[in-house]
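Q: Could you work out the structure for the sequence below:
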Amino acid sequence: MKKIFACDQFAADENKGFSFTSIASKKYLETMLSCIENGELCIAQKEDDVSVELAADLTDASYVKRYVIDVAKMDIAGIIEKEQSLSNICKEISGKIKRRSIVREILKAEVKKVAAEKQMCIKNIFNRALRLEKLYELGAPDFVIHNERLYLVENIALNAFATECEVIGIEDFSKSSAFEGGGMCVKFNDLPKDIQNQIAKIHEEIRINKELWERRNAALRELEQNYKTDEPVFGAMYMTPSGTLIDCSLFPNGHADVSAWLHEQGLEIDYRPGEPSQLLHLKGWLRLNTKVGYIEEPHGVLTARQRDRLESIFNEGKFLWTEIQR
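A: Residues are numbered from 1 along each chain as shown. As a prediction, this is how the structure comes out:
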């Protein structure tokens with residue numbers, strides 16, 4: 001069977017769980033690179049509403065990323081040095097700069113140095129650096145910081161070593177005509193029944209999740225179609241990643257009512273009455289209010305269209321903003 005880099009490549013604890021607390025960066029990278037076969041590295045990753053992490057095993061994964069690796073470029077010591085430098089900067093600036101836009105620009109410049117003009121995984125490096133800086137600011141436990149740094153060093157390594165990347169859905173990866181590796185071929189129907197049942201369960205979960213997200217995306221298109229405004233209003237709005245403004249002032253309670261509307265359809269994520277939508281935040285919709293004068297701290301990085309639109313609204317237009325809400 002093809003070798004997959006996942007948590008099960010490390011020793012399990014007494015509860016049959018996996019912890020990276022005692023795993024140093026060097027050991028983590030060596031284990032990851034030991035999974036390279038025929039110049040390819042497959043990594044099982046689990047994605048949720050908050051982050052992307054190394055999956056416990058293939059059955060726990062949301063998808064598999066297959067990288068083509070240039071083994072001639074391997075320099076583990078150099079990768080660890082880059083991660084240490086970037087982590088030190090994250091720690092140094094954490095909590096000292098109020099405006100997140102400035103923090104992003106600082107980290108963006110540092111990530112460019114680390115990546116040395118290579119684009120492979122550069123967005124992942126940037127997002128990991130942003131998360132790490134925020135974790136430092138929040139005073140997160142050491143083990144949380146440690147795990148985040150391992151994911152950071154992983155992406156720095158892939159930036160340096162990988163030349164190609166392909167994302168493969170679990171259904172395509174696990175239910176292909178065969179699992180190849182080491183010269184043997186195991187057909188799906190020849191797998192033990194319990195394994196086939198696990199895979200069937202994964203397929204069903206994927207199908208249900210896919211349908212849910214299709215409904216969510218349809219609802220967002222409906223919001224955009226019905227409440228789009230060409231000019232900013234005096235009050236609550238959303239801004240889509242493409243820079244389109246959504247007029248929330250038509251809802252009695254503004255942003256909170258949008259979340260309630262999504263919740264009524266079973267589409268909201270972690271619904272909390274009276275609070276803005278977590279789904280829209282995850283999808284990169286920026287919450288702003290020209291009446292109060294704030295913009296919400298975005299999930300990830302502002303798009304170029306969002307930056308330009310905010311500039312025209314708050315700096316060149318008649319509205320002023322006073323803070324970034326976190």
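Q: hang on, L288 is in a helix, isn't it?
A: No - counting by DSSP: H, G, I helix; E, B strand; the rest coil, L288 is not part of a helix but strand.
Q: Name the residues linked to it by a beta bridge.
A: M237, I295 (DSSP bridges).
Q: residues near the closest residue to D270 other than its chain neighbours, how many?
A: Residue nearest to D270 in three dimensions, not counting chain neighbours: Q278, with 4.9 Å by CB to CB, 6 or more residues apart in numbering. Backbone N, C-alpha and C define where each C-beta goes, glycine included. Q278 has 17 neighbours, counted by other CB atoms under 10 Å.
Q: list the contacts for Q278?
A: By CB atoms under 8 Å, 6 or more residues apart in numbering, the contact list for Q278 reads 49, 259, 268-272.
Q: pLDDT at it, what is it?
A: Each residue has a pLDDT score; the one for Q278 is 85.
Q: now swap in K16 and tell me
A: What the model reports as pLDDT for K16 is 64.
Q: same thing with I246?
A: 90.
Q: helix, strand or coil for it?
A: Using three-state DSSP, the structure places I246 in strand.
Q: That one against M237, yeah?
A: Yes - with contact defined as CB atoms under 8 Å, I246 counts as touching M237 (6.0 Å).
Q: Tell me where the protein has helices.
A: Ranges of helices within the chain are 25-33, 76-93, 100-115, 122-138, 142-161, 170-174, 193-227, 255-264, 278-282, 304-310, based on DSSP state H.
Q: Counting by contacts, list what the longest one packs against.
A: Contacting helix 193-227 under the criterion 3 or more CB pairs under 8 Å, 6 or more residues apart in numbering; DSSP states H and E are the following elements: helix 170-174, strand 245-247, helix 255-264.
Q: mind listing what Y227 touches?
A: By CB under 8 Å, 6+ apart, the neighbours of Y227 are 246-248, 250.
Q: same question, I93
A: Contacts for I93 (CB under 8 Å, 6+ apart) come out as 103, 106, 133.
Q: ok, back up a step: may I see the helices and strands packed on helix 193-227 arranged in JSON lines, with distance to I97 and mean neighbour count as well?
A: Formatted as JSON lines, the helices and strands packed on helix 193-227 follow (distance: least, CB to CB, whole Å; neighbours: other CB atoms under 10 Å):
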{"stretch": "helix 170-174", "distance to I97": "40", "mean neighbour count": "17"}
{"stretch": "strand 245-247", "distance to I97": "28", "mean neighbour count": "20"}
{"stretch": "helix 255-264", "distance to I97": "26", "mean neighbour count": "19"}
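Q: want to throw these into JSON lines with distance to V68?
A: Below are these laid out as JSON lines (distance: least, CB to CB, whole Å):
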{"stretch": "helix 170-174", "distance to V68": "16"}
{"stretch": "strand 245-247", "distance to V68": "41"}
{"stretch": "helix 255-264", "distance to V68": "40"}
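Q: follow-up on the earlier one: find residues that contact each of I246 and M237.
A: Here I246 and M237 have T229 as joint contacts, going by CB under 8 Å, 6+ apart.
Q: about what we covered before: out of the helices of the chain, which gets nearest to N289?
A: When the helices of the chain are compared by CB to CB, helix 255-264 sits nearest N289, at 8.1 Å.
Q: by how many degrees do the closest one and helix 193-227 diverge?
A: Taking axes from the mean of the first three to the mean of the last three CA atoms, to 10 degrees, helix 255-264 and helix 193-227 form an angle of 140 degrees between their directions.
Q: which secondary structure elements does helix 255-264 contact?
A: helix 193-227, strand 236-239, helix 278-282.
Q: which of those sits most buried?
A: Mean neighbour counts were compared across the helices and strands packed on helix 255-264 using mean count of other CB atoms under 10 Å; the top stretch is strand 236-239, at a mean of 25.
Q: Off-centre distance for it?
A: Centroid displacement of strand 236-239 relative to its chain, using CA atoms, centre = their mean, to the nearest Å, is 23 Å.
Q: Other residues contacting it?
A: Identification of contacts with strand 236-239 by CB under 8 Å, 6+ apart yields 223, 229, 245-249, 251, 254-255, 258, 280, 285-291, 306, 309-310.
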